[in-house]
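[1] Fold the following and give me the result.
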Amino acid sequence: MKPFLSWLAVAVSIAAAGCGGNQPAANSGQILPAPDRTIVAEIGELEIAPGDSVQVKVFGVNELNGTYEVDHRGRIKMPLIGEVDALGNTALQLAGVLEAKLEDDYLQDADVTVTLQQSRIERVTVDGSIKNPGMVQVTGEMGLLQVVAMAGGPTEGANPKNVVVFRQVGGEQVAASYNLTAIRNGKAENPRVFGNDIIVVDGSEARRARTELLRTIPLLSFFLIF
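    Below is the predicted model:
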């Protein structure tokens, strides 16, 4: 089998592995290369975090316009109003906070626009047999073990020996599976996770999804993959 499988081939191989109980998939432990590029999706909806840069524009008050960096406490420092807690706010929410502060002492009807220019936060999708499936925000260099933990960890019916990471590399969707138990015990490398990765934890919930997927695949395709 090729070192990096297409998502369809991985889905089939996982399904075959799942028939044998909690056994790791045949391609377990491979390290995927970095993606073509990391894209922050829907950046306007991201929560502001330390290290981010935000551009602030106050209508009619050019002296307050500028780009401000969020410090390690999650705050920005602006003329007139001083330090403002930006941590956990979206750009739109921070604009509302700034408008309220300006209207308290300086402006009658403040009009503020905030744009998140640079963010250290990226999003990955965690699905399958995971307690809190959905989007997870990651900051900096984070490993697979940490990202799975941020999503609540595997469910009771999960197979942590088979966790699949899907990634866009070289213009194609590729994937590899990892043994989370071995990673946790220090017997395998904890691979880095990048923005836009899709992580699927094997188990009963994941198998139901695979069953629906495999029903749509012609029988001939199953043999052609290998």
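[2] can you give me the end-to-end distance of stretch 181-198?
    Start-to-end span of stretch 181-198 (C-alpha to C-alpha, to the nearest Å) is 19 Å.
[3] quick one: average confidence on that stretch?
    Per-residue pLDDT over stretch 181-198 has a mean of 92.
[4] quick one: strands adjacent to the top strand by length along the chain?
    Identified as the longest strand of the chain according to DSSP state E is strand 158-169. Counting by DSSP bridges, the strands paired with strand 158-169 are strand 172-178 (antiparallel), strand 198-203 (antiparallel).
[5] And the contacts of the last one?
    Same thing as strand 198-203. 14, 17-18, 25, 124-130, 144, 147-148, 154-155, 157-167, 177, 180, 193, 206 (C-beta atoms under 8 Å, 6 or more residues apart in numbering). Where you see a C-beta, it was placed from the backbone N, CA and C, and this is true even at glycine.
[6] hang on, the earlier thing: quick one: mean pLDDT over the longest strand of the chain.
    89.
[7] For it, which residues meet the burial criterion?
    By 16 or more other C-beta atoms under 10 Å, the buried positions in strand 158-169 come out as 158-168.
[8] swap in stretch 135-145?
    Buried residues in stretch 135-145, counting neighbours by 16+ other C-beta under 10 Å, are found at 136, 138, 142, 144-145.
[9] Could you list the low-pLDDT ranges of the chain?
    Applying pLDDT under 70 to the chain flags residues 1-30, 36-45, 118-121, 205-226.
[10] Show me where it has its helices.
    For the chain, the helices defined by DSSP state H occupy 7-18, 91-105, 144-150, 180-184, 204-215, 219-225.
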